[in-house]
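> Fold the stuff below for me.
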Amino acid sequence: MEQESDAVICAANKMGVRCAIGLVALMIGLGSCAGPQPLKIAIDPQDETSYLRFANKTNLDGKKAFSNWMAEERGLSPSEVLQLDAEISSTRNPYDAYRNPQAVSRGAVIYKVHCARCHGDDARGHGPSALPDYPANDFKTAGNRFAATLHRGAPRRWFRVIRDGAGDVVQYPDETTTAMPPFSEKLAREQIWLVITYLQSLDMHAAQKASEGHQ
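Sure thing, here's the model as predicted:
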């Protein structure tokens, strides 16, 4: 019985060592990235030029600009693009932030045009339109970095908050709305997922891409 007890203790100690090593590795991984890729690295200038061409024609109406852009790219009508968009899942991201740099780029463009004014170009939540008493989400906090590293972000919750808004009703200069305004009428579902894909991207992947580009 004593030998069995010693064996159990030994196994537990080994498991504890493995857990500690895993935790250290995880913390190193989290420390190697500070959040979403910097916009200047994530954005393909061609994507930004294309989106702004349509956005400027629609007075920055994100959904209309995007449907016109995708209509031209996919050979569809804008109404057909929106009909297909309505069928996109609200719980499952169709894009992979680690494998689809085009989706990251387009998401970064949409973020820059429609989100950075509150969340900031650096995604820290200190954009020029952020209200002091209602700080915007900081996507470089340890919690968000942990979620992005392990689970590629929190897609269901992030999608729901972007689509439906959240928080107290407050007065912005141009409207009265929740602290996090709802974007269901301003962005297509695909646009929301593209923004989330950008937020799920990590600096370490941007650094790797930049390094590969200079080889």
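> Just the strands from this protein, written as ranges.
Assigned by DSSP state E, the strands in the chain fall at 166-171, 176-180.
> Quick one: low-confidence residue ranges for the protein.
1-33, 151-152, 209-215 (pLDDT under 70).
> can you rerun that using 90?
1-35, 98, 130-137, 139-156, 171-175, 202-215 (pLDDT under 90).
> export the strands of the chain to a markdown table and tack on mean neighbour count and distance to Ser90?
No exception for glycine: its C-beta is placed from N, CA and C like everyone else's. Putting the strands of the chain into a markdown table (neighbours: other C-beta atoms under 10 Å; distance: least, C-beta to C-beta, whole Å) gives the following:
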| stretch | mean neighbour count | distance to Ser90 |
| --- | --- | --- |
| strand 166-171 | 12 | 15 |
| strand 176-180 | 15 | 17 |
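> Let's have those in CSV, adding distance to Cys118.
Shown next, in CSV, are the strands of the chain (distance: least, C-beta to C-beta, whole Å):
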stretch, distance to Cys118
strand 166-171, 12
strand 176-180, 8
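> so which of those gets nearest Tyr51?
Among the strands of the chain, strand 176-180 comes nearest to Tyr51, with 22.5 Å by C-beta to C-beta.
> Go ahead and flag the most central residue of this structure.
Nearest to the mean C-alpha position of the chain, by C-alpha atoms, centre = their mean, lies Leu199 at 2.0 Å.
> hang on, the earlier thing: figure out which of the strands of the chain is closest to Ile192.
Of the strands of the chain, nearest to Ile192 by C-beta to C-beta is strand 176-180, at 12.8 Å.
> Pull out the buried residues from stretch 59-73.
Buried residues in stretch 59-73, defined by neighbour count with 16 or more other C-beta atoms under 10 Å: 61-71.
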